[in-house]
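Asks: just need the structure, nothing else, for what follows:
(2 chains)
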Number of protein chains: 2
Amino acid sequence: MLPKKWHLPVLLILGTFQSSACGSTPNFIIMLMDDMGWGDLGVFGEPSKETPNLDNMAAEGMLLTDFYSANPLCSPSRAALLTGRLPIRNGFYTTNAHARNGYTPQEIVGGIADEEILFPELLQKAGYRNKIIGKWHLGHRPQFHPLKHGFDEWFGAPNCHFGPYDNKQRPNIPVYNGMDMVGRYYEDFQIHRETGESNLTQIFTQQAVDFIERQAQSQKPFFLYWAIDATHGPVYASKPFLGTSRRGLYGDAVKELDSAVGQILDALKTHKVDDNTLVVFSSDNGGAMVSKDKGGSNGPFLCGKQTTFEGGMREPTIAWWPKHIKPRQVSYQLGSLMDMFPTLLSLADITLPRDRAIDGIDLSDTLLNGKNIDRPIFYYRGNEMMAVRLGMYKAHYWTWTNGLQELRQGIDFCRGENVINVTTHDQRNHTSQPLLFHVGRDLGERYPISPDSIEYHSAMKKISKVVRDHKTNLTPGQPQLNWCDTGVMNWKPIGCEKLGRCLPAPSSNPYKCVWMH
Amino acid sequence: MLPKKWHLPVLLILGTFQSSACGSTPNFIIMLMDDMGWGDLGVFGEPSKETPNLDNMAAEGMLLTDFYSANPLCSPSRAALLTGRLPIRNGFYTTNAHARNGYTPQEIVGGIADEEILFPELLQKAGYRNKIIGKWHLGHRPQFHPLKHGFDEWFGAPNCHFGPYDNKQRPNIPVYNGMDMVGRYYEDFQIHRETGESNLTQIFTQQAVDFIERQAQSQKPFFLYWAIDATHGPVYASKPFLGTSRRGLYGDAVKELDSAVGQILDALKTHKVDDNTLVVFSSDNGGAMVSKDKGGSNGPFLCGKQTTFEGGMREPTIAWWPKHIKPRQVSYQLGSLMDMFPTLLSLADITLPRDRAIDGIDLSDTLLNGKNIDRPIFYYRGNEMMAVRLGMYKAHYWTWTNGLQELRQGIDFCRGENVINVTTHDQRNHTSQPLLFHVGRDLGERYPISPDSIEYHSAMKKISKVVRDHKTNLTPGQPQLNWCDTGVMNWKPIGCEKLGRCLPAPSSNPYKCVWMH
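Replies: Just a heads-up that it's a prediction; the model follows:
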């Protein structure tokens, strides 16, 4: 809900009410990066300081230093963002094995359940026009299509842009425009695997700018979910950016994204909807350390993507809303991508569903008035609550990076880091005496607080209660990431007939997905 | 040398020439922090963003992202700053063992040699009044006193503020005002070992503000060397700052230093010498990982103090000079604290000594015009060149963190970090095939570039030439850190007689100092 004090003065002083086609109902843009690390922006300490537009966005708005994804992996993180619920509730997890990260490769049978309410559905009912640009990742089968889950428009793909594939053993990933596929990666939408050249970010940016222009001219408020994947392997950038970064190809991609963010904010200004549009920039999970020197930076934090250490789930987050969010603010609010659900609905004056647990909290008072709200952050991996943060303390109930067998194959989610009893290569159970860290004075989770100390007992007393309450009230959802089937891959995406691009599909052969980590 | 274009316009437009007592000869302030890490300032990515004054100083001036100390340890780093020469040349190293960090504990016999020229000596001859506030660390015996090496005033101590000692086996460290001691740490200048409370930063700040006021009223230009040690263990802060940081006591100390920087810059403005004063903020070496969660943060960089990895020698550096250094600049210039020597002399229009090698380079064109100058950075540990950086490439010729024996005792300069073949616990010789890293795309020195690659050969070709030239032209100085003697400790500092505070000294008993790492 917009605090009253902002309403009239702002509109009167600035006289934007008349010129804004969207009126006083705020528009929303969520810019969700892919595998971008906390340390990848200049304002978050990346030494090359190559993100002037994002740094400026932060200077004009609020920097959220302690903001988390709900999961250290893409699909569950994104499902949690849109449902406001932990993956353990919304079904984006697996019970095939303990504490495993699952996601939605194109063999996955599951996806977002119809029973789940995505906040765009509620916005849509309230008159919003919603567009997703980029990666969906909540299931690729027809019933999971974003236009069936609250979006009016889509330009992008249901899965990661891995490939190229041969289309016989494995189809290339389709790109959709609206209900129908319009081509496939590596066929119609190129990503050069050697040079990393691709004009996808240009396309995704133009899509955003066009949508903003259209909406500004219409009478409808909008929600734009800009889920761009240039920083996910295989990393890509368009020709004007290739070779321009001090950080190699990954940096080229970041520079292009930064430029794109500048273009999108400019479009809001040009069409005079900037004062009426809340823009939140963040990332789905931490930088991928498995990508070696071709991935992102998690700054001073431990490990990366796939792990429940800070590097895996702490996200570079900025909130921007001229005349509503005061400039040059830094908020220590413990935030979560799941908070977008109640926050956006609150700002749009839409009642929350009451028939289900929502894990996100309404951050509108944080954004608009700088308030700090006490709340825990839960760090899940698959079906296990691995850790909890409360205030400055983080308690690990379970630790795991990746198994020794994978390590021997060169897979390392904590490359170069080795904190004894913390970055464990076995699943280690600390529930009888959780490992406790003070994440303010120990950014890298290197120095466990002694269980004999007063500090430990005092912090754990509070944390234990929070965990007890959480577990008591937790009803896990039906797991969506247990079953795989080569028959469900993107052989015949919706619209393939019109294009004559359907592929022969093997017969259905369901099997339990194997999640190694 | 001040570029001509700045001279007249600035003075005409602002009319500060008349009001500035110091005229057009620039004043200099070097603010040298102690054991502060690259990642300790908000502007360098510290998540708690508790350094508004320093962040603002950077916004008003130039942020130097790739700036280094000449050594990963205090005394050699400071000797190099003031002489413009590598410790291997100015004598601040040891030959007692290979590649050992030596410094100046109070048992040390050596110190800064009379033959060494410190840039304050040359400024002094040109009419500057020079003051050092804080830690000297270039030898504590009478002949090494800063007032005998180019300074006119001193308030501070010759050694680290370790203690308290018993004054029988070991005297407490004296604090000097000018030529004479005025007391001792833990006796006259308190540092509470349990709470960390001390008002030393307040005293050091007041000393700076008073000096600036006095100099602004005089006709003389000044050089202030503000060498403050609140962030060196035992870390301290004054009562108003204790318990205020999200980072614990270390953060309290940083917050107080940040506030002090604000006061000093304000004093320059109040006395209208801001446009005529170049202020450089940096640190003597990286954050001390041996201090565990009571030390600084080296951001995304590997290891810390005592090591030649980036965390040991890359320093949080800001240059500020209103109307001369343009605001909001970021410079990638490979810089060194040793550059202060030729840069300050150049800006003061003083000719460099020609009878010796100077390792620093004149950065005035970088500061004033944003120029980038190609140059290598050499990373020394004692008598060994461990690594070299040229452009974005860093080659390790030797690697070492600390020995296994120390590791077993809990000493770890790379706590929580373990890069195979890189963070070695033995002194490992890679000279036949140096380990090469790209420090732009691999901030943490985790991914050695394959020696089979074109990239490796191309980079190493250039680096090898630089190393060859460097070694050919290198004449090591007389090592000053070989001999220790309990007889030379601070028993009878100059001025102790006047205070009646001389202590009985044991007889001289010289021995070779033991440097473990």
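Asks: so where's chain A shaky on pLDDT?
Replies: Residue ranges of chain A with pLDDT under 70: A:1-23.
Asks: now do the domain split for it, please.
Replies: Domain assignment for chain A, taken from automatic domain parsing, gives A:10-147+A:186-375, A:384-472.
Asks: now do the shortest one: distance from first to last residue.
Replies: The one in question is domain A:384-472. With Cα to Cα, to the nearest Å applied, domain A:384-472 spans 14 Å between its terminal residues.
Asks: run a quick check on residue A:165 versus residue A:172, I expect a contact.
Replies: Yes. Residue A:165 sits in contact with residue A:172 when judged by Cβ atoms under 8 Å, with a separation of 5.1 Å. Every residue, glycine included, has its C-beta placed from N, CA and C.
Asks: how far away is the closest residue to residue A:164 other than its chain neighbours from chain B?
Replies: Once flanking residues are discounted, residue A:164 sits nearest to residue A:186: 3.6 Å by Cβ to Cβ, 6 or more residues apart in numbering or on different chains. According to Cβ to the nearest Cβ, to the nearest Å, residue A:186 and chain B sit 25 Å apart.
Asks: residue A:398 too?
Replies: For residue A:398, the distance to chain B (Cβ to the nearest Cβ) stands at 19 Å.
Asks: mind listing what that residue touches?
Replies: For residue A:398, the contact set (Cβ atoms under 8 Å, 6 or more residues apart in numbering or on different chains) comprises A:99, A:308, A:381, A:384, A:385, A:386, A:387, A:427, A:428, A:429, A:430, A:431.
Asks: so of the residues you listed, which ones are in strands?
Replies: A:381, A:384, A:385, A:386, A:387, A:428, A:429 (DSSP state E).
Asks: look at the fifth one and say how many residues are nearby.
Replies: So the one you mean is residue A:387. 27 (other Cβ atoms under 10 Å in any protein chain shown).
Asks: just give the closest residue to the residue in chain A that chain B sits nearest to, not the sequence neighbours.
Replies: For chain A, the residue closest to chain B is residue A:45, as judged by Cβ to the nearest Cβ, at 1.4 Å. Nearest non-adjacent residue to residue A:45, counting by Cβ to Cβ, 6+ apart: residue B:45, 1.4 Å away.
Asks: the one you found touches residue A:48, doesn't it?
Replies: No. The criterion here is Cβ under 8 Å, and residue B:45 misses it with residue A:48 at 11.8 Å.
Asks: neighbour count winner among these two?
Replies: More neighbours surround residue B:45 than the other of residue B:45 and residue A:48, with 28 against 21 (other Cβ under 10 Å).
Asks: strands along the stretch 351-500 of chain A, start to end?
Replies: Using DSSP state E, counting those that start in this stretch, the strands of the stretch 351-500 of chain A run over A:377-381, A:384-390, A:393-396, A:398-399, A:428-429, A:435-438, A:483-484.
Asks: OK, contacts around the residue positioned nearest the centre of chain A?
Replies: When Cα atoms, centre = their mean is applied to chain A, the residue found nearest the centroid is residue A:284 (2.5 Å). Shown in contact with residue A:284 (Cβ under 8 Å, 6+ apart): A:32, A:33, A:34, A:35, A:69, A:74, A:77, A:78, A:81, A:315, A:337.
Asks: how about a cut-off of 6 Å?
Replies: Applying Cβ atoms under 6 Å, 6 or more residues apart in numbering or on different chains, one finds that residue A:284 lies in contact with A:32, A:34, A:69, A:74, A:77, A:78.
Asks: greatest separation within those: which pair is it?
Replies: A:34 and A:69 (11.3 Å; Cβ to Cβ).
Asks: beta-bridge partners for residue A:223, please?
Replies: Beta bridges link residue A:223 to residue A:28, residue A:130, judged by DSSP bridges.
Asks: residue contacts, it?
Replies: A:28, A:120, A:123, A:128, A:130.
Asks: the second one contacts residue A:129, correct?
Replies: When you say that, I think you mean residue A:120. No. Here residue A:120 does not reach residue A:129: they are 9.9 Å apart, not a contact under Cβ atoms under 6 Å.
Asks: which parts of the stretch 151-300 of chain A sit against chain B?
Replies: Listed as neighbours of chain B in the stretch 151-300 of chain A under the rule Cβ under 6 Å from any Cβ of the partner chain: A:246, A:247, A:248, A:292, A:293, A:297, A:299, A:300.
Asks: can you tell me which of the residues you listed are classed as buried?
Replies: A:246, A:247, A:248, A:293, A:297, A:299, A:300 (16 or more other Cβ atoms under 10 Å in any protein chain shown).
Asks: quickly list what residue A:185 is bridged to.
Replies: Assessed by DSSP bridges, residue A:185 has beta-bridge partners residue A:189.
Asks: which residues touch it?
Replies: By Cβ under 6 Å, 6+ apart, residue A:185 lies in contact with A:161, A:163, A:172, A:173.
Asks: may I see the ChimeraX selection of the buried members of those residues?
Replies: Entered in ChimeraX, the line below selects the buried ones among the contacts of residue A:185, by 16+ other Cβ under 10 Å:
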select /A:161,163,172,173
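Asks: redo the contacts of residue A:185 as JSON lines? Include secondary structure.
Replies: JSON lines is the format used below for the contacts of residue A:185 (DSSP: H, G, I helix; E, B strand; the rest coil):
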{"residue": "A:161", "secondary structure": "coil"}
{"residue": "A:163", "secondary structure": "coil"}
{"residue": "A:172", "secondary structure": "coil"}
{"residue": "A:173", "secondary structure": "coil"}
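Asks: which of the contacts of residue A:185 sits closest to residue B:195?
Replies: For these, the nearest to residue B:195 is residue A:161 (55.5 Å; Cβ to Cβ).
Asks: and the residue nearest to the closest one when sequence neighbours are not counted, how far from residue A:269?
Replies: Spatial nearest neighbour of residue A:161, excluding adjacent residues (Cβ to Cβ, 6+ apart): residue A:185 at 5.0 Å. For residue A:185, the distance to residue A:269 equals 33 Å [Cβ to Cβ, to the nearest Å].
Asks: please, where are all the strands along the stretch 51-200 of chain A?
Replies: A:62-64, A:67-68, A:129-135, A:153-157, A:174-177, A:180-184.
Asks: among these, which is the most enclosed?
Replies: For these, average neighbour numbers computed from mean count of other Cβ atoms under 10 Å in any protein chain shown are highest in strand A:67-68, which has a mean of 28.
Asks: which outside residues touch that strand?
Replies: Outside strand A:67-68, the residues that touch it by Cβ under 6 Å, 6+ apart are A:313, A:314, A:315, A:317, A:335, A:336, A:377.
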